[in-house]
Structures are given as structure tokens and as C-alpha cells.
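>>> Here's a sequence, model it:
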Amino acid sequence: MDQNPDRLDTFLAHRGALVSYATRIVGERADAEDVVQDAYLRFEAAEPERRLDAPRAYLFRIVRNLALDLRRRVGRDHLRRAADPGAALAGLATDDPSPETEAEARSDLRRLSEAMAELPARTRQALELHRMQGLTIREIATRLGISTGLAHALVTDGLEHCRQRLRGRDQ
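Numbering: from 1, shown residues only. Below is the predicted model of the structure:
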């Protein structure tokens, strides 16, 4: 397609205004840019041998028609999706874990429970106070009536035992 220099100059001179105009109609600048590009192609192809009396007005009319067409098409798409909410919801991701993930988590929980049961009573108690009740090492030491060093050693030993069991290795 040969470009008409007068039409190209008209388009380039008013491109920014055309994009702003189309944006007001379609709502999105990216869509407006597409509309303006399509409008230029139609403007350039319109009776190339004929001189347009009002090229600026003609270009704006093309942009308006294309923008309104796009807005109507988008509106119909939204209505179609709203009419079938199941189709819209089907495409959404779910926060539910997969059955495999659930099975793995249950297995890990079982192994952790078994590992906790294997711990000496004081080590298990120190680990539970730390991990499940959120007590600090100093608070555990006070509650159990032991030194902070021993409380730290009990929690560390209990954590390491549980880690080893979760990895599938026995001590």
C-alpha cells in the first residue's frame, strides 16, 4: 500500500489527540493505541485517489467508530462471562492444596508426631513450649527450673531429632 504523504502528515499531527480521544471511549490507553493504529490503516486505504475535504474530521470519525465497536465488543464479552459464572470461576486458581500435597502433609505430620513421642519427656516439653507456645529459651528455663544452657540444648536436640525423622533418617 502506497502511503499518501498528506494523510500521513495529518495522522502524525493529530496522533496524540486521537489516542486521548479513543482512551476516553475505550477506557484503556493500550486499547486506544490499537484503535488509532487501525484507524490509520483505514484512513490510508480510504479512496486513495480522492482528496478528502476534511481529513482531520474523517480520521476522528474513524477512531470514534472503531473505539465504540471495541467498547461494545468488550461489553458483550463481559455480559457473556457474567451469564455463565461457572465458566469464569473455572479459570480461577484455587487455594486448596492438591490431594498429593494433602497426603504428603499428613505423612509429615504423622512422622513428626512419632518423632515427638520418641523424645524424652523434658526434651519434648521444652520443644513444645518453644515451638507451639512461643516461649523464649529463658522462659522455658524458668518454667522447667533448669539453666538457659540446658533449655537451649533440649530445644536444639528435640529440633534436630524431628528434622532427622522428617528427612526419613533415624538417629
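>>> hmm, who's touching stretch 125-145?
116, 119, 122, 147-148, 150-152, 154-155, 158-159, 162 (CB atoms under 8 Å, 6 or more residues apart in numbering). (Glycine included, C-beta is placed from N, CA and C.)
>>> So for that stretch, mean pLDDT?
Averaging pLDDT along stretch 125-145 gives 93.
>>> Helices along the chain, start to end?
Listed in chain order, the helices of the chain (DSSP state H) span 5-26, 29-45, 55-83, 85-90, 99-118, 121-131, 137-144, 148-166.
>>> how many degrees apart are the fifth one and helix 148-166 in direction?
Counting by axes from the mean of the first three to the mean of the last three CA atoms, to 10 degrees, helix 99-118 points 140 degrees away from the direction of helix 148-166.
>>> Can you tell me the closest non-neighbouring residue to Leu66?
Val35 (4.7 Å; CB to CB, 6 or more residues apart in numbering).
>>> Now tabulate the contacts of stretch 125-145 in a markdown table and tack on neighbour count and distance to Ile25.
What follows is the contacts of stretch 125-145, written out as a markdown table (neighbours: other CB atoms under 10 Å; distance: CB to CB, whole Å):
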| residue | neighbour count | distance to Ile25 |
| --- | --- | --- |
| Met116 | 17 | 65 |
| Leu119 | 18 | 70 |
| Arg122 | 14 | 74 |
| Ser147 | 10 | 76 |
| Thr148 | 14 | 71 |
| Leu150 | 15 | 75 |
| Ala151 | 24 | 70 |
| His152 | 17 | 68 |
| Leu154 | 25 | 70 |
| Val155 | 20 | 65 |
| Gly158 | 23 | 67 |
| Leu159 | 14 | 63 |
| Cys162 | 20 | 63 |
